[in-house]
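1. 3D, please:
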Amino acid sequence: MRNIEPRHKFPHLLSGRMLKKMLPGAVLALLATPILAAEQKQGNELTLGGGVDVAPRYSGSDESRVTTALVLDYSLANGFFVSTTRGIGYGNNIGKLNYSTALSYRPGRKDRNVDSDAISDGSDDLRGMGDIKGSALGVPGLGYEVTDWLNVQLQAEVPISQRSNGEALHFSIISPFYKSSKNSVTLALTGSWGTSKYMQTYYGVSASQSAASGFSRYDAGSGIYAWSMNVDWTHKLNQDWNVVAAAGFTQLAGDARNSPIVQRKASPTGSLKVTYSF
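-> Presented below is the predicted three-dimensional model:
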């Protein structure tokens, strides 16, 4: 991601070819999987930034991919938001109970390697499996602040388009266990559950896919498919600038773990971003 600069300083950033390549990904990035807002803003706030993400080429791949990361979050005091991390929606709270609803996007999956700026996952190891189209999602969520250092959250993914891709649920335990004037550290543990449609789409192998790819036929049923742990560190450079780093891993479980397309059952993830808020 690049910070917005005057056109005369970086004319190559705004070439027709570059715009054609950037705009679809930027639009879809505005609908990336959201997270529940932890607190209500006192006023309107715009956060811009960018950096890099590191994640498997697809869930179960033994190769990682570094991608550029766009940060754009516009939060209104009345609870509405447009965000690359939370989607487009509304969030608020009643006492210690947080709630939100958003329009989001679940990226697709290609059966070939994809570029670092592609929003879809993909790997040559999936040749013959065919492409999975991305899904527009409705994402309702609830959260509860049990104590100052312990929050619980429940979030659903309900496809609006490509409904055959299936639904998923995510339950998280979040602990903002350290905070100072300059630094804050948050630990999150998440369990993810998928319907039979979800599991078959992302971890199953149909008869036709088996014939085309060489993978053994595999029927994946509903259940918990992953456990994840993530640590986020935010360092405040000054009133407006922050450095945000994250590291974690995801452990596949159940029928996802035993899928023939899974090459690595536990995968590391990470990110590094710089943000500016005003």
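2. Give the helix, strand or coil label for residue 255.
-> Secondary structure assignment for residue 255 (DSSP: H, G, I helix; E, B strand; the rest coil): helix.
3. Same check on residue 101?
-> Classification of residue 101 by three-state DSSP places it in strand.
4. Can we start the residue count at 347 from this point?
-> With the count now opening at 347, the last piece we talked about shows up as residue 447.
5. ok, it touching residue 436?
-> Yes. At 6.0 Å, residue 447 counts as touching residue 436 under the criterion of Cβ atoms under 8 Å. The way it works is simple: take the backbone N, C-alpha and C, and place the C-beta from them, glycine included.
6. So, low pLDDT: which residues of the stretch 347-496 of the chain?
-> 347-388 (pLDDT under 70).
7. all helices for it, in order.
-> Listed in chain order, the helices found in the stretch 347-496 of the chain under DSSP state H, counting those that start in this stretch are 362-375.
8. just the stretch 497-624 of the chain next, same as before
-> Listed in chain order (using DSSP H, counting those that start in this stretch), the helices of the stretch 497-624 of the chain are 542-549, 553-559, 600-603.
9. Make JSON lines out of those helices and add mean neighbour count.
-> Output for these, formatted as JSON lines (neighbours: other Cβ atoms under 10 Å):
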{"stretch": "helix 542-549", "mean neighbour count": "21"}
{"stretch": "helix 553-559", "mean neighbour count": "14"}
{"stretch": "helix 600-603", "mean neighbour count": "20"}
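10. Could you point out which of those helices sits nearest residue 533?
-> When these are compared by Cβ to Cβ, helix 600-603 sits nearest residue 533, at 23.4 Å.
11. Against which helices or strands is the closest one packed?
-> The criterion is 3 or more Cβ pairs under 8 Å, 6 or more residues apart in numbering; DSSP states H and E, and the helices and strands that helix 600-603 contacts are helix 542-549, strand 569-582.
12. Report the angle between the first one and strand 569-582.
-> To tie it back to what came earlier, the one meant is helix 542-549. Orientation note: helix 542-549 sits at an angle of 70 degrees relative to strand 569-582 (axes from the mean of the first three to the mean of the last three Cα atoms, to 10 degrees).
13. Give me the contact list for helix 542-549.
-> 405-406, 455, 478, 510-514, 540, 552, 564-569, 571, 601-602, 605, 607-608 (Cβ atoms under 8 Å, 6 or more residues apart in numbering).
14. Now the buried members of the residues you listed.
-> For those, burial is judged from neighbour counts taken by 16 or more other Cβ atoms under 10 Å, and it is met by 405-406, 455, 478, 511-514, 540, 552, 564, 566, 568, 571, 601-602, 605, 607-608.
15. Tell me which of these fall in strands.
-> Mapping the buried ones among the contacts of helix 542-549 onto strands (DSSP state E) picks out 455, 514, 540, 571.
16. right, and the second one touches residue 537 too?
-> No. The pair residue 514 / residue 537 is not scored as a contact, 11.0 Å apart, by Cβ under 8 Å.
17. and the nearest residue to residue 442 once chain neighbours are set aside, what does it touch?
-> Excluding the flanking residues, the one nearest residue 442 by Cβ to Cβ, 6 or more residues apart in numbering is residue 491, at 4.1 Å. Residues in contact with residue 491 (Cβ under 8 Å, 6+ apart) are 442, 444, 497.
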